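> structure for the following, please:
(chains A and B, ligands or ions: 2)
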Number of protein chains: 2
Amino acid sequence: MTNSRHNIREIRADRGTTLKAKSWLTEAPLRMLMNNLDPDVAENPHELVVYGGIGRAARTWEDFDRIVAALTDLNEDETLMVQSGKPVGVFRTHKDAPRVLIANSNLVPHWATWDHFNELDKKGLAMYGQMTAGSWIYIGTQGIVQGTYETFVEAGRQHYQGNLTGKWILTGGLGGMGGAQPLAAVMAGACCLAVECDETRIDFRLRTRYVDEKAKTLDEALEMIDRWTKAGEAKSVGLIGNAAEIFPELVRRMKAGGPRPDIVTDQTSAHDPIHGYLPLGWSIAEWRAKQESDPKAVAAAARAAMRIHVEAMVDFWNAGVPTLDYGNNIRQVAKEEGFENAFAFPGFVPAYIRPLFCRGIGPFRWAALSGDPEDIYKTDAKVKELLPDNAHLHNWLDMARERIAFQGLPARICWVGLGDRHRLGLAFNEMVRNGELKAPIVIGRDHLDSGSVASPNRETEAMKDGSDAVSDWPLLNALLNCASGATWVSLHHGGGVGMGFSQHSGMVICCDGSEEADRRVERVLWNDPATGVMRHADAGYDIALDCAREKGLRLPGILGN
Amino acid sequence: MTNSRHNIREIRADRGTTLKAKSWLTEAPLRMLMNNLDPDVAENPHELVVYGGIGRAARTWEDFDRIVAALTDLNEDETLMVQSGKPVGVFRTHKDAPRVLIANSNLVPHWATWDHFNELDKKGLAMYGQMTAGSWIYIGTQGIVQGTYETFVEAGRQHYQGNLTGKWILTGGLGGMGGAQPLAAVMAGACCLAVECDETRIDFRLRTRYVDEKAKTLDEALEMIDRWTKAGEAKSVGLIGNAAEIFPELVRRMKAGGPRPDIVTDQTSAHDPIHGYLPLGWSIAEWRAKQESDPKAVAAAARAAMRIHVEAMVDFWNAGVPTLDYGNNIRQVAKEEGFENAFAFPGFVPAYIRPLFCRGIGPFRWAALSGDPEDIYKTDAKVKELLPDNAHLHNWLDMARERIAFQGLPARICWVGLGDRHRLGLAFNEMVRNGELKAPIVIGRDHLDSGSVASPNRETEAMKDGSDAVSDWPLLNALLNCASGATWVSLHHGGGVGMGFSQHSGMVICCDGSEEADRRVERVLWNDPATGVMRHADAGYDIALDCAREKGLRLPGILGN
Ligand SMILES: NC(=O)c1ccc[n+]([C@@H]2O[C@H](COP(=O)([O-])OP(=O)(O)OC[C@H]3O[C@@H](n4cnc5c(N)ncnc54)[C@H](O)[C@@H]3O)[C@@H](O)[C@H]2O)c1
Ligand SMILES: NC(=O)c1ccc[n+]([C@@H]2O[C@H](COP(=O)([O-])OP(=O)(O)OC[C@H]3O[C@@H](n4cnc5c(N)ncnc54)[C@H](O)[C@@H]3O)[C@@H](O)[C@H]2O)c1
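Ligands and ions are numbered 1, 2, ... in the order given. A predicted model of the protein is given here:
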């Protein structure tokens, strides 16, 4: 088992227009599977791990090889079934059906725990698919930058008339995901002060230009923020320090008439009290040592510090500063530590993402199978042409081109919604057909999207009607994408928040330039976000109800039409 | 809410060839939805309840009306989405896609409990779909008769060279489902002694000819059994009595050289200790009264009696008598009552049904949309013609025609597997095309089938590889049926064993006589049972591996082909 999960081969997707598979519709999943394991994309490709701890692209290396063989050999009227990373069957379907159907880590609810999963995993019977790892459409860190950017932009829309110039965001943590924050803030037009206890993390982000400056003292950092905000310059600083100390100090200064942040959030790894959060007054060295020698003491001290950290966040909130939980569970810990009011400020989805989900807007993405960055730049230009009035989107595309290095096959992520996705898809397919692009484009999305996820602690937290845990929606989404002709469709359990806590579905469609693809693209890229509008309309959100009416959706039990 | 679930209308599906909908592919789900609520089919149609406690066909009567309207209006390239009995959307798909996609009572695992379901249900946000209730292919009690028949026939195959002549089956309970046992036993060629404490239940089964005789004493019943088995006559007797008293008495007599049953099972409602099982020494009247006044005392006394009952069953088992649990959870209760050895004898699925599942054999069924019984008789004849060597099947068809009254639209159930289902489907479609049948046929199955269910306490109990709780399989089954062109496809949670304990999928395909239907039928009715063979082959069952090789299935990760 362990052996068949380890391999030193280097996997990279083919580039160019020579096919290994029998058609682009099977070449596409083949290249995207391989791309997920590209050393520039995956976190630990030799163990088949793409991202998110143990999110894998295939169950074992033998399974990987057999998937590759099956895809290489697959006919245009056949469908490959992948069960938790293992290619279990090839069946006759038809040209308009998906070429690959995937189900990853689904467990009957009563047994849907990490313990049971681990037991199965040890026997070689399971694989954790995360979201885009096991469904072959992960494209590296661009996704988290864009998600964070959208969150900040939406906060700007709600609180600052869409203009973050001269504003600053206070946050904590510059780790794997959190490191995207200063860049995303700057792209959104804001300054950012990020408190990070580990100087090496700041230095890493300085090297990749995700953060602009480093500061050793709060005064130094605040001086920069003051200077930049006054100049209307969007820049970021990483401050070496402990958030549990700096946040309360900033509250004190604010109350005394000092500087006041315009948005407050946090991305320390509060979800893991042993390895994720530095206790107050501890050095990094002491922390690392005690993680081994006395993990319980670490957890207790970290949890106590988190409470102080959250108390400061609630103080900001009470002073009228927009404050949000970014999905690291820090409110829960503070509550368990006896801070009754820990949930005073909201999670990021209900606060900022849900209004987008109501219009089917979410992490739409595409990749160029040619491997040529020019193909993506051409699609960037096409997006601007087709969506001429979306200034934030234009801004994102410009900044992304400048600041974000491609990982693996060149790819782009863009938050667009119902009514736009299919137009972009049709335009890309046309560009493939007329030779503007060197090879086909695949279009997909994260499972964290409008109609594709039920996850009561994150994406479906605090739904208006209380339907947080109803998972009919992602299942229907997968079935409809299958019925509409997506190229591959997946159904997963446990992504993002772990076993027992989510069900979600993925889809990818290949624009091979054919007229058949036109029809499929039009259906899939309309229907997929439309299920999200439907799900939110059913829950009673006005934005979704308005959007459904405006787009002419037929929702019999919801709109009575 | 409650109001919109009550209505005194009488619903019956249209008969004949005049369509309300725009094509047979939408008329079919329309008639089958209505048929599920036919007063001759449904248990409580005014409350939309089809069977199984609260298994419904639509969430409310308004939803029913809107589903009817949507189906009536649906075009041949559109798909209706039904979310827990509510018609939430109509989307553009294509001709080969399903016309209806259904998801019922699915909940994110951590919240997948009756408590949470009931909370949602009270808010009008849920519906329990059971298996064929919410997926519109319930056909009345024929299903349970046939399932029980197949179980007994398979037991006969395994223990008595396929011949039950002169053998007798001992069981308990002649209720809603259990009442099928004497008829199924007789059809399988065996005699049956069924212990039932409530005389009115025996009388009801005498009237419908499901049981042949009634006895008031054990001696009287055993005299009949003796006479019938000696004469090689298959007949049944309902004995008024308490199973917890009669079973041990029979063990004593057997040990003393008295009569010895050939198969032992039980279908009292042991799963419900308050309403389901008469305590030892109690009268029916006392039992009913105390259910209200002192339910705890009832449960304690019932559970104690069940232990005695199971001890007797284990005695039979230890004496070499094939003994099986028929899914009423009686072993679990006995175990909780301190009887360590309660699980000595197996459940019916691992013992008798799994070998069938390994070949894709399960509860295949079809209904005549014409409403004309002659259409079913013609298909009966066609089945015999196409499967000339399956004596048990011929026997079933003959007995079913004679003994089972149609409920609602005439229908037939037949356990057939991979390689036969699509042949029957194609033949029926041909009969529709050439006018032999008056109108189209719909073909479906129970969710309790080879590839369509994960239910660790029943259908997937004790899988060879320990994969009981892996629910990737039913999800893949639904996706593949969708990709293959079934007319409607459904994904449910909690059927049979309740919230948290199962996930399963349904499919129905309409044979409208067209050549397009030929292609769909061939794909769907091959692929659907093939996923069952695949699932059991993956778990390591030799029968399934042999079947897969024999049928030429391509199972890359399993057979390496
Ligand atoms: N909701 C979402 O979609 C989403 C997305 C990404 C990440 N997250 C969550 O955000 C958190 C961060 O993710 P990550 O991948 O960046 O984790 P990570 O472990 O890579 O980074 C955490 C960083 O916080 C720093 N840190 C720890 N304690 C600190 C303290 N007291 N003061 C200042 N800095 C401290 C660490 O040095 C580290 O650099 C996680 O809890 C993750 O689950 C949520
Ligand atoms: N595994 C399956 O597929 C499957 C199928 C059908 C039923 N079942 C199970 O079988 C059981 C019976 O189902 P049902 O619908 O017939 O239930 P039911 O409640 O309608 O019938 C139970 C019968 O048992 C009788 N009974 C109760 N205690 C008795 C005793 N001590 N001695 C003799 N008779 C007694 C009752 O009078 C009643 O007639 C249930 O537990 C059900 O869950 C399982």
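
> quick one: the closest residue to residue A:284 other than its chain neighbours and residue A:449, what's the gap?
Spatial nearest neighbour of residue A:284, excluding adjacent residues (CB to CB, 6 or more residues apart in numbering or on different chains): residue A:198 at 5.9 Å. Every C-beta, even on glycine, is put in place using the N, C-alpha and C of the backbone. Here the criterion is CB to CB, to the nearest Å. By it, residue A:198 lies 32 Å from residue A:449.

> contacts only, for whatever residue of the stretch 151-300 of chain A ends up closest to ligand 2.
In the stretch 151-300 of chain A, the residue that lies nearest ligand 2 is residue A:271 (41.3 Å; CB to the nearest ligand atom). Taking CB atoms under 8 Å, 6 or more residues apart in numbering or on different chains, we find residue A:271 in contact with A:328, A:329.

> repeat that for residue A:21.
A:27, A:30, A:71, A:72, A:73, A:74.

> closest to ligand 2 among those residues?
Of the contacts of residue A:21, the one sitting nearest to ligand 2 (CB to the nearest ligand atom) turns out to be residue A:74, at 38.0 Å.

> now the strands for the stretch 251-400 of chain A?
A:263-264, A:362-368 (DSSP state E, counting those that start in this stretch).

> what's across from the closest residue to residue A:199 other than its chain neighbours in the sheet?
In space, and not counting its chain neighbours, residue A:199 is closest to residue A:240: 5.2 Å by CB to CB, 6+ apart. Taking DSSP bridges as the rule, residue A:240 bridges to residue A:196.

> now do the domain split for chain A, please.
A:3-10+A:26-122, A:142-346, A:354-553 (automatic domain parsing).

> now the first one: average pLDDT?
The pLDDT scores in domain A:3-10+A:26-122 average 96.

> quick one: it near chain B?
Yes. With CB under 8 Å from any CB of the partner chain as the criterion, chain B is reached by domain A:3-10+A:26-122 at A:62-63, A:66-67, A:69-70, A:79-81, A:83-84, A:86-94, A:96-98, A:101, A:103-112, A:116, A:119-120.

> ok, stretch A:532-544 next?
Yes. Between stretch A:532-544 and chain B, judged by CB under 8 Å from any CB, the touching residues are A:534, A:538.

> can you give me the first-to-last residue distance of that stretch?
One end of stretch A:532-544 to the other measures 9 Å (CA to CA, to the nearest Å).

> can you give the distance of that stretch from its chain's centre?
22 Å (CA atoms, centre = their mean, to the nearest Å).

> tell me which residues of that stretch are tucked away?
Judged by neighbour count using 16 or more other CB atoms under 10 Å in any protein chain shown, the buried positions of stretch A:532-544 are A:532, A:533, A:534, A:535, A:536, A:537, A:538, A:539, A:541, A:543, A:544.

> which among those gets closest to chain B?
residue A:534 (4.9 Å; CB to the nearest CB).

> where does that closest one fall, secondary structure wise?
Element membership for residue A:534, per DSSP states H and E: helix A:515-538.

> number of nearby residues for the residue of the stretch 301-450 of chain A found nearest chain B?
When scored by CB to the nearest CB, the stretch 301-450 of chain A has residue A:422 as its residue closest to chain B, at 10.9 Å. The tally of other residues near residue A:422 (other CB atoms under 10 Å in any protein chain shown) stands at 21.

> dump the residue contacts of it.
A:521, A:522, A:524, A:525, A:526.

> distance of the fourth one from chain B?
In this structure, residue A:525 and chain B are separated by 12 Å, where distance is defined by CB to the nearest CB, to the nearest Å.

> so what's that residue closest to, chain neighbours aside?
Once flanking residues are discounted, residue A:525 sits nearest to residue A:422: 3.8 Å by CB to CB, 6+ apart.

> let's verify residue A:87: helix, strand, or coil?
In three-state terms, and counting by DSSP: H, G, I helix; E, B strand; the rest coil, residue A:87 is strand.

> can you check residue A:558 too?
helix.

> surely it and residue A:536 touch.
No. Counting by CB atoms under 8 Å, residue A:558 stays clear of residue A:536, with 10.1 Å between them.

> which residues touch the residue nearest to residue A:467 when sequence neighbours are not counted?
In this structure, residue A:467 finds its nearest non-sequential neighbour in residue B:125, 5.3 Å apart by CB to CB, 6+ apart. By CB under 8 Å, 6+ apart, the contact list for residue B:125 reads A:465, A:466, A:467, A:470, B:84.

> what's the separation between the last one and residue A:357?
Meaning residue B:84. 20 Å.

> chain neighbours aside, what residue packs nearest to residue A:459?
With sequence-adjacent residues excluded and distances taken as CB to CB, 6+ apart, residue A:459 is closest to residue A:453, at 4.6 Å.

> burial count for the one you found?
31.

> any idea of the pLDDT on it?
Note on residue A:453: pLDDT of 98.

> residues contacting it?
Contacts of residue A:453 by CB under 8 Å, 6+ apart are A:447, A:459, A:460, A:474, A:502, A:503, A:504, A:505.

> distance to residue B:413 for the buried residues of stretch A:532-544 - can I get that in a markdown table?
As requested, the buried residues of stretch A:532-544 are arranged in a markdown table below (distance: CB to CB, whole Å):
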| residue | distance to residue B:413 |
| --- | --- |
| A:532 | 39 |
| A:533 | 41 |
| A:534 | 36 |
| A:535 | 36 |
| A:536 | 41 |
| A:537 | 40 |
| A:538 | 36 |
| A:539 | 40 |
| A:541 | 44 |
| A:543 | 48 |
| A:544 | 43 |
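
> closest one of those residues to residue B:38?
Nearest to residue B:38 among the buried residues of stretch A:532-544: residue A:538, at 29.4 Å, using CB to CB.

> tell me which residues touch the closest one, please.
Residues in contact with residue A:538 (CB under 8 Å, 6+ apart) are A:465, A:467, A:555, A:557, A:558, B:83, B:86, B:88.

> so which of the residues you listed reach ligand 2?
When contact is defined as CB under 6 Å from any ligand atom, the contacts of residue A:538 do not meet ligand 2 at all.

> run through the bridge partners of the closest residue to residue A:461 other than its chain neighbours.
What sits nearest to residue A:461 in space, not counting adjacent residues and going by CB to CB, 6+ apart, is residue A:347, at 5.1 Å. Beta bridges link residue A:347 to residue A:325, judged by DSSP bridges.

> quick one: residues contacting residue A:347.
A:324, A:325, A:327, A:331, A:458, A:461, A:462.

> between those residues, which has the most around it?
Highest count within the contacts of residue A:347 by other CB under 10 Å belongs to residue A:325, 26 neighbours.
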